[in-house]
Each structure stands twice: as structure tokens, then as C-alpha cells.
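fold the following for me, if possible:
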Amino acid sequence: MRRGDAGVRRRGIMRLLIAVGVLTAALAQQSDSGFLRKASFEERSALVMANDKLELTVLTTGATLANLVLNDDPGKQSPYWNAPRMARELGQKTRGGGLGHFVCVDGFGPVSDEEKAAGMPGHGEAHTVPLELRYSGKQGSVAIVTLSGRLPLVQEMFTRTFRMVDGENVVYVNSELESEVAFDRPVCWAEHATIGSPFLEQGVTVVDHSGHRGMTRPHPANIGPVPRRLASAKEFTWPMAPGVNGGEVDLRSAPLHPNSLDHTTYVMTDRKVAFVTALHPGKRLLIGYMFKTAEYPWLQDWQNYPPTLKMSRGLEFSTMPFDVPRREAIQTNTLLGTPTYRWLPAKSKIETRFLLFYTRTPEGMRKVDDVRLEAGRIVIEDRASGKQVTLAASQPL
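Take a look at the predicted model:
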């Protein structure tokens, strides 16, 4: 072979290798991005993240978990609260409104007059801040999306990472809050997970959790236009709470004839990892959360039951027992022997982790007595019926 022919051949091989490399990279990028797409949900910018089991819609503002469906569900029933849709169904104008599971940090509840004048929104700043997509990719069978943004009023950085694994009905959520200031500060943080109608159906959908010691929210005798079912500021043992007119109220399900607004709280620290679930036995659908009680020692149960049947119920795990102004949370210090806020050290980060699952249940499953993580699985038990759901859960909590 002549030298010139060899050179031509080498150049041809190099061009072929480059072409193969470009094609391989393109295919890899296509594979990595196949689990994620841009979308709009209720006229808000969103990302849709999916595997072969679930499809999760995340708003780019605040990283709100806005919609969750099973891929094989023809009705695409989401368990999450959707206030704009409910308003449309009632023939009302849609003016924003709550969606799904949003984060309340740094702050949970109303603000002081001074904070309001300074521009601080209720329920903290994070849920109002547009976040940037910092990373999206797939590492083996694990799809990863990270959103991050600066909270300018509280001078903190908030970062949230979602993970979904092929073949799993689970979403793993890791969050990080970083202080930009040079002093330790107390923070108020809640995960405002909220279910809504039609998944939330009166007398049918049941909520269960691992808490026992509870307290009803303090409220004045003159409560305004929406009645209370529960007595004010009374301790009780879940699920039977003291009624406003005496007797006890079973809180597991919404009343058959709803017309009330109540709020209860529970100490969750009897276990290192707590759970809360909502089950619709008729639809055979179950959503649940697992979280570390060292990070979220409280579970709040907000029960919004209007007679329109456009109901919503908060399954809110948090650092504090009720959504109150920051000063009140810090001045309270402890309730039922449990802290009512968390510390964020100077120029440092704190992290939280939780997971959520959404799955079908077997016929005859009526409640959830226990949820536990063991050997890469989530085991969900209804002991009375003997029914059990086992889900693959390969990632650590």
C-alpha cells in the first residue's frame, strides 16, 4: 500500500470514529432527556418528569409538585389539590390558587406587619421564586432533576433534587437550604403536601399516619362563616379528636356532609422515619410520604371541607406544629415537648429528605396500619384485612 493511500485510510477511519462518537453522544443525550419535558400546567411553567410507572409535574416556580399520575391510569387521576380546576368546575374565575405539594421555607403561615411591609409573602419565600434547572440527566436507571434559586428576602439558597428510578412507584426528594448570612438563625420549614377532590371524597378517602399525640388548633369562639367541628386547643390521641360540642370526631375521613374547616397537629418523633398516607379504597389508589422526624418532627392535618365538595386536606410535615408567624413559632419554643423551629447555622447548609409513593392497592384494602422501609422495599400493611402492598425502593432516604 502506498503512503498516500494509508493516509487517506487513516483520515477516513478518524472521520468515521468522530461520526460514531457524535452519534453516541447524541443518542446518550436523547436517552437522558427522554424522561423530562417542558410543559405548562394551569398556565404556569412546568417540567414533567416520568418513568415507566409515574408521571410527576413540577412547577419551575418553587419546585411545586403540582400533578402526579400513574402511567397506566386511563383516567389520569391525580391525588393532588388543584384549586384552579376546582374553581372552573364551580363556574368561578381562576385566580391562581393552591396546587399540590408546595414548600414553605423560610417561613410558614402569615407574616408580621413589618415583614409584610418589607415584601415577605405568607408561607415563606421559596414557593414564589422562579428556580433554574441546574441539572437533568440519567445515571443508569436513576433519572435526576435539580432546581435551585436564591431567596433574596431571607438571603438563602434553596435547592431541590428529584430522583425517579425505572420500575419504581417512588419519587425521592432531597432539599438543601444554605444561609448567606454570618449568624445562626431559626428557620420555619413545611412541606405543604395537599390532596384534593375528586381523589378526596367525603366518607370514602381515608388518611392514616404514624403519629399518636395530637392537638387541635386554638381558635376563638366566634369563628366566622365556616364552622369548626373540633374543640379549641385540646390534646387528644389520633384519630379520635374532641368535638366542639362534646363527643369525639373520627378524623380519618371527611364527613359525609362537609361544611367545616379544622386544623390539627401531631408529634411524629416516636419513630425515626414517619409516614402519612391517603387511600381511596374505591379507586384503589394510595399516595403516601415517608420522612425523617429529626428533620420534620410535626405533621399538620389541615381539613378544608366546604359544602361545594371541592375539598382539600393538607398532609403537612414540618418543623412547627401550626402555620403561624415566625415570632410566634420561636417564642413558643416547644409544644408537647417538641421544638417548634429548626436552626440554620451561619454560612452553612441544612438538608432534608423525604420520599413519596403513588400506587394501586389490592381489592379490600381499607386502611394503612404501617409503612416501613426494609431491604430496598416499602412495605404497606392493612392488618385488619391482611392486605399488603410492597414497592421497590432502591434509593436511601
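
the stretch 201-350 of the chain: helices as residue ranges?
326-332 (DSSP state H, counting those that start in this stretch).

quick one: low-confidence ranges for it?
Residues of the stretch 201-350 of the chain that meet the criterion pLDDT under 70 lie in 222-223.

what about the strands in it?
206-209, 213-216, 235-237, 240-242, 248-250, 260-267, 273-280, 285-292, 298-305, 312-318, 334-335, 338-339, 342-344, 349-360 (DSSP state E, counting those that start in this stretch).

can you name every helix or strand that the third one contacts?
Using 3 or more Cβ pairs under 8 Å, 6 or more residues apart in numbering; DSSP states H and E as the contact criterion, the neighbours of strand 235-237 among helices and strands are strand 213-216. For glycine as for every other residue, the C-beta is placed from the backbone atoms N, C-alpha and C.

and the strand it packs on, how far out from the chain middle?
Centre-to-centre, strand 213-216 and its host chain are 22 Å apart (Cα atoms, centre = their mean, to the nearest Å).

partner strands of it, parallel or antiparallel?
strand 235-237 (antiparallel), strand 260-267 (antiparallel) (DSSP bridges).

need the residues that contact that strand.
The contact list for strand 213-216, computed with Cβ atoms under 8 Å, 6 or more residues apart in numbering, reads 230-238, 241-242, 262-267, 321, 335-336.

can you flag the buried ones in those?
Buried members of the contacts of strand 213-216, counted by 16 or more other Cβ atoms under 10 Å: 230-231, 234, 236, 238, 241-242, 262-267, 321, 335-336.

and Val69, how many neighbours?
18 (other Cβ atoms under 10 Å).

actually, Val324.
19.

swap in Asp166?
For Asp166, using other Cβ under 10 Å, the count is 15.

can you put the strands paired with strand 213-216 in a markdown table and add distance to Ala278?
Below are these laid out as a markdown table (distance: least, Cβ to Cβ, whole Å):
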| stretch | distance to Ala278 |
| --- | --- |
| strand 235-237 | 20 |
| strand 260-267 | 15 |
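
nearest to Phe162, of the ones you listed?
For the strands paired with strand 213-216, proximity to Phe162 was assessed by Cβ to Cβ; strand 260-267 is nearest, at 26.5 Å.

how about that closest one as CSV, C-alpha atoms only?
Taking C-alpha atoms only, strand 260-267 is exported to CSV below (Å, rounded to 0.1, in the frame of the first residue of the first chain):
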residue,chain,number,x,y,z
SER,A,260,-66.2,22.8,58.2
LEU,A,261,-62.6,24.0,58.5
ASP,A,262,-60.3,22.5,61.1
HIS,A,263,-56.6,22.1,61.8
THR,A,264,-54.8,19.5,64.0
THR,A,265,-51.1,18.7,64.7
TYR,A,266,-49.2,15.6,65.7
VAL,A,267,-45.9,14.8,67.3
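
that one to strand 312-318, inter-axis angle?
Per axes from the mean of the first three to the mean of the last three Cα atoms, to 10 degrees, the angle that strand 260-267 makes with strand 312-318 is 20 degrees.

what does strand 260-267 contact?
209, 211-217, 226-230, 238, 241, 251, 297-305, 321-322, 335-338.

just the buried members of those residues?
Buried members of the contacts of strand 260-267, counted by 16+ other Cβ under 10 Å: 209, 211, 213-217, 228-230, 238, 241, 251, 297-305, 321-322, 335-336, 338.

CSV for the strands of the stretch 201-350 of the chain, including distance to Leu133?
Listed next are those as CSV, based on distance: least, Cβ to Cβ, whole Å:
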stretch, distance to Leu133
strand 206-209, 33
strand 213-216, 39
strand 235-237, 44
strand 240-242, 43
strand 248-250, 44
strand 260-267, 35
strand 273-280, 29
strand 285-292, 24
strand 298-305, 30
strand 312-318, 26
strand 334-335, 38
strand 338-339, 34
strand 342-344, 25
strand 349-360, 20
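
between the ones you listed, which gets nearest to Phe35?
Each of these was scored for nearness to Phe35 using Cβ to Cβ, and the closest is strand 349-360 (16.6 Å).

which parts of that closest one are buried?
Neighbour count says strand 349-360 has 350, 352-359 buried, by 16+ other Cβ under 10 Å.

roughly how far is stretch 175-191 from the heart of the chain?
19 Å.

I should have written stretch 59-67 there, sorry.
Computed by Cα atoms, centre = their mean, the chain-centroid distance of stretch 59-67 equals 10 Å.

one more: stretch 353-368?
That offset, for stretch 353-368, works out to 15 Å (Cα atoms, centre = their mean).

between the two ends of it, how far is it?
22 Å (Cα to Cα, to the nearest Å).

can you check stretch 106-125 too?
6 Å.

tell me the mean pLDDT for that stretch?
Averaging pLDDT along stretch 106-125 yields 95.

kindly report the same for stretch 168-178.
Mean predicted confidence for stretch 168-178 is 98.
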